[in-house]
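Peer 1: based on what follows, work out the 3D shape:
(chains A, B, C and D)
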There are 2 protein chains.
Amino acid sequence: MSVHREIRTQMQDCGDCPIRHRAVCARCEADELAQLEQIKYYRSYQAGQTVIWSGDKMDFVASVVTGIATLTQTMEDGRRQMVGLLLPSDFVGRPGRSYAAYDVTATTDLVMCCFRRKPFEEMMGSTPHIAQRLLEMTLDELDAAREWMLLLGRKTAREKIASLLAIIARRDASLKQPRTAATMTFDLPLTREEMSDYLGLTLETVSRQMSALKRDGIITLDGKRQVTIPSMDALMDETGDDSDGGYLV
Amino acid sequence: MSVHREIRTQMQDCGDCPIRHRAVCARCEADELAQLEQIKYYRSYQAGQTVIWSGDKMDFVASVVTGIATLTQTMEDGRRQMVGLLLPSDFVGRPGRSYAAYDVTATTDLVMCCFRRKPFEEMMGSTPHIAQRLLEMTLDELDAAREWMLLLGRKTAREKIASLLAIIARRDASLKQPRTAATMTFDLPLTREEMSDYLGLTLETVSRQMSALKRDGIITLDGKRQVTIPSMDALMDETGDDSDGGYLV
DNA sequence: GATCTGCCTTGATGCAGATCAAAAAGGGAA
DNA sequence: TTCCCTTTTTGATCTGCATCAAGGCAGATC
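Peer 2: As a prediction, the model looks like this:
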């Protein structure tokens, strides 16, 4: 089936972009793909660069291809809270909204696949798959946000750190290593300050708790950023989470 | 146009149910409405009753018709965090998930409009409007969750209380009073304990901060539950929020 | 190699909110 | 009315994390 093959070939350059990948391409809708191709473009950002400021005009929606971006809210007096961590395939922006609601920042080098907003919205109207796929992704993000609310509202500093490490480790594991490895090693993509913005702590507390987890043998640090987790189970014991919790389908 | 009129008539009994109201009925899609009618039923709950427990099988999705429900997460040791406050027209449950992820509780007497999940999902596949409407609603909830993350992570106890009061007051205002009233009065639908679960505080702290706001003339209490706000501006000054913040379109 | 600069760690101290405890205020029911 | 029970308030004390303040370390620049 040549259309199928053609799409597969074109898919390469878009990485994990969910719009093409899952909503469109998985169903081999060549027309939709062609349409999307026309309104699509790529943008790259260096680590630390700001993608867009809260309140700025935003005439695109996008999905992360490679790298990590963050969504942050800032209060007038400078207090900051991270409200989203965007990994490859995550979606940024919102159909029907023309201004950014959050600061979007690249924490690593970042490539995004952008779609001009207006034509994208029009396409959504005529292409049910896209709205359905977006709905699924948004519901996942809502679940993640609610898990984070529990963390912010009720967990101790140590539990917060352990939870963050577990999330990063789990994501990394699904990308790289088979699920077998008892020991796992990864690079922290966040500075201590970014971690503190995510966890609702100060960077000093983050640093102290990292040291404490190290002292207690839950983690090993190689340099400031490389983390080794000897036992994922031991880490999970520190998160305060239910040990099972696997009912989410 | 008789179809239109018929739909309007049938709408009455479903209150603010967004599925019929906005996604379906607003477009006068009589077929969809007929389909929805077949898979729909109502359920009532008394104040305090649990609608469903986290982890329970959930073979329906629903929307709140009247009353208020809450979504709560509980940790093994009993720490609780409310992660959602469901008002009339809000949606509960998730297409594609057969188990509840949160405890759902009626905080006031509650009527819900339920749809059997499987047929609802099938309908979503064939009826684009519904997925699009659900997407919109879910994006709104995601924004609300992210605002709540800022509150949980970075606001002081006093700011948290003021923010909650402001949210309830604003909702109430849009239902009842014209936007003109400088003074506004409403009943708190939550106990001190529920407020504390929502805000990530203890009930003692909630009580103390309510007393403090009263002492400072920001609010007046008549009994435990009826709140009067002499000046909405004065209350907003206590929330820590940007005074404008009106860029969200 | 020396110096700089941006992270990160560690220490000392303070305070907001938690915890523990008890009294007060409602609000039904009899 | 009185009693009982739940919810709320208030008080005393404790503590986890924030705040303030030095250093330490590793990678860049000269």
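
Peer 1: in stretch A:129-136, what counts as buried?
Peer 2: When burial is assessed from 16 or more other C-beta atoms under 10 Å in any protein chain shown, stretch A:129-136 yields the following buried residues: A:129-136. Placement of C-beta: from N, CA and C, glycine included.

Peer 1: quick check, central residue of chain A?
Peer 2: Relative to the mean C-alpha position of chain A, the nearest C-alpha, by C-alpha atoms, centre = their mean, is the one of A:Leu86, at 2.4 Å.

Peer 1: my read is that it contacts A:Thr72, right?
Peer 2: No. Using C-beta atoms under 8 Å, A:Leu86 and A:Thr72 do not qualify as a contacting pair, with a distance of 11.2 Å.

Peer 1: returning to what we had before: tell me the predicted confidence for the residue nearest to the centre of chain A.
Peer 2: The predicted local confidence for A:Leu86 comes out at a pLDDT of 94.

Peer 1: who does it form a beta bridge with?
Peer 2: The partner list for A:Leu86 in beta bridges (DSSP bridges) reads A:Ala69.

Peer 1: mind listing what it touches?
Peer 2: With contacts defined as C-beta atoms under 8 Å, 6 or more residues apart in numbering or on different chains, A:Leu86 is in contact with A:64, A:68-71, A:92, A:104.

Peer 1: would you mind measuring from it to A:Thr220?
Peer 2: 28 Å (C-beta to C-beta, to the nearest Å).

Peer 1: let me know the closest of the contacts of A:Leu86 to chain B.
Peer 2: Nearest to chain B among those, counting by C-beta to the nearest C-beta, is A:Leu71 at 7.4 Å.

Peer 1: what is the neighbour count of that closest one?
Peer 2: Taking other C-beta atoms under 10 Å in any protein chain shown as the neighbour definition, A:Leu71 ends up with a count of 22.

Peer 1: the closest residue to it other than its chain neighbours - how many residues pack around it?
Peer 2: Distance criterion C-beta to C-beta, 6 or more residues apart in numbering or on different chains; nearest residue to A:Leu71, sequence neighbours excluded, is A:Gly84 at 3.5 Å. If you count neighbours by other C-beta under 10 Å, A:Gly84 ends up with 21.

Peer 1: is the helix or strand hosting A:Gly84 anywhere near DNA strand C?
Peer 2: In this assignment (DSSP states H and E), A:Gly84 forms part of strand A:80-86. No. Judged by C-beta under 7 Å from any atom of the strand, strand A:80-86 and DNA strand C are separated, with a smallest distance of 14.3 Å.

Peer 1: the following helix or strand past that strand pairs with which strands, and in what direction?
Peer 2: Sequence order places strand A:91-92 as the next helix or strand after strand A:80-86, per DSSP H and E. Strand pairing for strand A:91-92, determined by DSSP bridges: strand A:60-66 (antiparallel).

Peer 1: now do the buried residues in the partner strand.
Peer 2: For strand A:60-66, burial by neighbour count (16+ other C-beta under 10 Å) applies to A:60-65.

Peer 1: repeat that for stretch A:107-127.
Peer 2: When burial is assessed from 16+ other C-beta under 10 Å, stretch A:107-127 yields the following buried residues: A:107, A:110-115, A:117, A:120, A:123-124, A:127.

Peer 1: who's in contact with stretch A:131-138?
Peer 2: A:18-19, A:22-23, A:90-91, A:95, A:124, B:95-96, B:124-125, B:128, B:131-132, B:134-135, B:138-139, B:142.

Peer 1: filter the residues you listed down to the ones in helices?
Peer 2: Using DSSP state H, the subset of the contacts of stretch A:131-138 located in helices is A:18, A:124, B:124-125, B:128, B:131-132, B:134-135, B:138-139, B:142.

Peer 1: between the residues you listed, which is nearest A:Gly78?
Peer 2: For A:Gly78, the closest of the ones in helices among the contacts of stretch A:131-138 turns out to be B:Leu142, at 24.7 Å, with distances computed as C-beta to C-beta.

Peer 1: what's the neighbour count on that closest one?
Peer 2: Neighbours of B:Leu142 under the rule other C-beta under 10 Å: 20.

Peer 1: how near is it to A:Leu164?
Peer 2: B:Leu142 sits at a distance of 20 Å from A:Leu164 (criterion: C-beta to C-beta).

Peer 1: again, but for A:Asp197
Peer 2: The separation that A:Asp197 has from A:Leu164, given C-beta to C-beta, amounts to 11 Å.

Peer 1: quick one: which of those two has more around it?
Peer 2: Comparing A:Asp197 with A:Leu164 by neighbour count (other C-beta under 10 Å), the higher total belongs to A:Asp197, at 25 against 20.

Peer 1: and for A:Gln81, the neighbour number?
Peer 2: By other C-beta under 10 Å, the residues close to A:Gln81 number 24.

Peer 1: I figured it hits A:Ser196, correct?
Peer 2: No. Assessed by C-beta under 8 Å, A:Gln81 is found out of contact with A:Ser196, at 10.1 Å.

Peer 1: what's the host helix or strand of A:Met112 in contact with?
Peer 2: Taking DSSP H and E as the criterion, the element that holds A:Met112 is strand A:110-116. With C-beta under 8 Å, 6+ apart as the contact definition, strand A:110-116 has outside contacts at A:14-15, A:17, A:19, A:36, A:39-47, A:49, A:51, A:59-69, A:92.

Peer 1: intersect these with the contacts of DNA strand C.
Peer 2: When contact is defined as C-beta under 7 Å from any atom of the strand, those do not meet DNA strand C at all.

Peer 1: mind checking pLDDT for A:Ile19?
Peer 2: Here the pLDDT value assigned to A:Ile19 is 52.

Peer 1: what does A:Leu190 give?
Peer 2: Looking at A:Leu190, its pLDDT stands at 95.

Peer 1: just say helix, strand or coil for it.
Peer 2: For A:Leu190, the secondary-structure state derived from DSSP: H, G, I helix; E, B strand; the rest coil is coil.

Peer 1: just checking, it touches A:Thr107?
Peer 2: Yes. Judged on C-beta under 8 Å, A:Leu190 makes contact with A:Thr107 at a distance of 6.2 Å.

Peer 1: now do the shared contacts for these two.
Peer 2: Where contact means C-beta under 8 Å, 6+ apart, no residue is in contact with each of A:Leu190 and A:Thr107.

Peer 1: what residue ranges in chain A are flagged as low confidence?
Peer 2: A:1-35, A:175-181, A:244-249 (pLDDT under 70).

Peer 1: can I assume A:Met82 is in contact with A:Ser196?
Peer 2: No. With contacts counted by C-beta under 8 Å, A:Met82 stays clear of A:Ser196, the gap being 9.2 Å.
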